[in-house]
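Visitor: Sequence first, then the predicted structure, then my questions.
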Amino acid sequence: SQTIHQWPATLVQPVGSPLSLECTVEGTSNPNLYWYRQAAGRGLQLLFYSVGIGQISSEVPQNLSASRPQDRQFILSSKKLLLSDSGFYLCAWSPRGEQFFGPGTRLTVL
Amino acid sequence: QKEVEQNSGPLSVPEGAIASLNCTYSDRGSQSFFWYRQYSGKSPELIMFIYSNGDKEDGRFTAQLNKASQYVSLLIRDSQPSDSATYLCAVDARSPSGGSNYKLTFGKGTLLTVNP
């Protein structure tokens, strides 16, 4: 069966510091991968998605970036965090339709 | 801008009652519809999907789809306190050519509270 992992589970970072969140999927190959952010009391915002290694589509302009160095690895990064980057970051994978979410990373920027 | 609308709630029902959650969508070309359950502080969990007009039942859950009215709903029979969560409706996003672009548009969710 397929499993999706995210780490870290929680993170507290100062404004201006860098960020790296990692997501890996087990038990499948060539999945579509997604990064979402859910701010407190708000809906899911799609940040990036990828249909293959090295293929990244950005949904919103921001100070975040994503990379997919391996088939089942998806990384979300930032060089300098803003206060507004606080939120619940969710990675999801899809065989080609429904999406399955990882456990998420709760990021607090102070 | 393709949209998915849900009543934010909270929707409060007594234990054992039927909870009815509703969702409308703007993209008439959408083909796939999903319901997710999200407990507070947790990630969304897929509970139902439906592709064809009509009803689809899975245990206590029934998804209903009416493409002509661009409406999808989720019924939860014999509601339990453990069903208390936010329910997210998601609709597949289509490319301008009509094909799937493998993205989902999510509604903001309806908070359901089941009272013992």
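Guide: The structure has been received and is ready for your questions.
Visitor: Just confirm A:Gln38 contacts A:Ala92, I think it does.
Guide: No: counting by Cβ atoms under 8 Å, A:Gln38 stays clear of A:Ala92, with 11.6 Å between them. From N, CA and C alone the C-beta is placed, and that goes for glycine too.
Visitor: Who has more neighbours out of these two?
Guide: Using other Cβ atoms under 10 Å in any protein chain shown as the criterion, A:Gln38 and A:Ala92 rank with A:Ala92 on top: 27 against 20.
Visitor: these two touch, right, that one and A:Gly102?
Guide: Yes: here A:Ala92 lies in contact with A:Gly102, judged by Cβ under 8 Å, at a distance of 6.9 Å.
Visitor: Span of stretch A:73-83 from start to end?
Guide: Across stretch A:73-83, the terminal residues are separated by 27 Å (Cα to Cα, to the nearest Å).
Visitor: Any buried residues in it, and which?
Guide: Using 16 or more other Cβ atoms under 10 Å in any protein chain shown as the test for burial, stretch A:73-83 gives A:Phe74, A:Ile75, A:Leu76, A:Ser78, A:Leu81.
Visitor: How about stretch A:5-18?
Guide: Going by 16+ other Cβ under 10 Å, stretch A:5-18 has these buried residues: A:Gln6, A:Leu11, A:Gln13.
Visitor: Just name the closest of those to chain B, please.
Guide: Taking Cβ to the nearest Cβ as the measure, chain B lies nearest A:Gln6 of those, at 8.7 Å.
Visitor: In chain B, what helix or strand scores lowest on average pLDDT?
Guide: strand B:100-106 (a mean of 85; mean pLDDT, DSSP states H and E).
Visitor: Can you give the distance of that one from its chain's centre?
Guide: Centre-to-centre, strand B:100-106 and its host chain are 15 Å apart (Cα atoms, centre = their mean, to the nearest Å).
Visitor: cool, and stretch A:19-35?
Guide: 8 Å.
Visitor: Kindly export that stretch (C-alpha atoms) in CSV.
Guide: These are the backbone C-alpha positions of stretch A:19-35, laid out as CSV (Å, rounded to 0.1, in the frame of the first residue of the first chain):
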residue,chain,number,x,y,z
LEU,A,19,12.9,26.7,5.2
SER,A,20,13.0,23.2,3.9
LEU,A,21,10.1,20.8,4.2
GLU,A,22,10.3,17.3,2.8
CYS,A,23,7.7,14.9,1.5
THR,A,24,8.2,11.3,0.3
VAL,A,25,5.8,8.8,-1.0
GLU,A,26,6.2,5.0,-0.8
GLY,A,27,4.6,2.2,-2.7
THR,A,28,3.9,3.9,-6.0
SER,A,29,5.8,5.3,-8.9
ASN,A,30,5.4,8.5,-11.0
PRO,A,31,2.8,10.0,-8.8
ASN,A,32,1.5,13.6,-9.2
LEU,A,33,2.7,15.5,-6.1
TYR,A,34,1.3,18.7,-4.6
TRP,A,35,2.1,21.2,-1.9
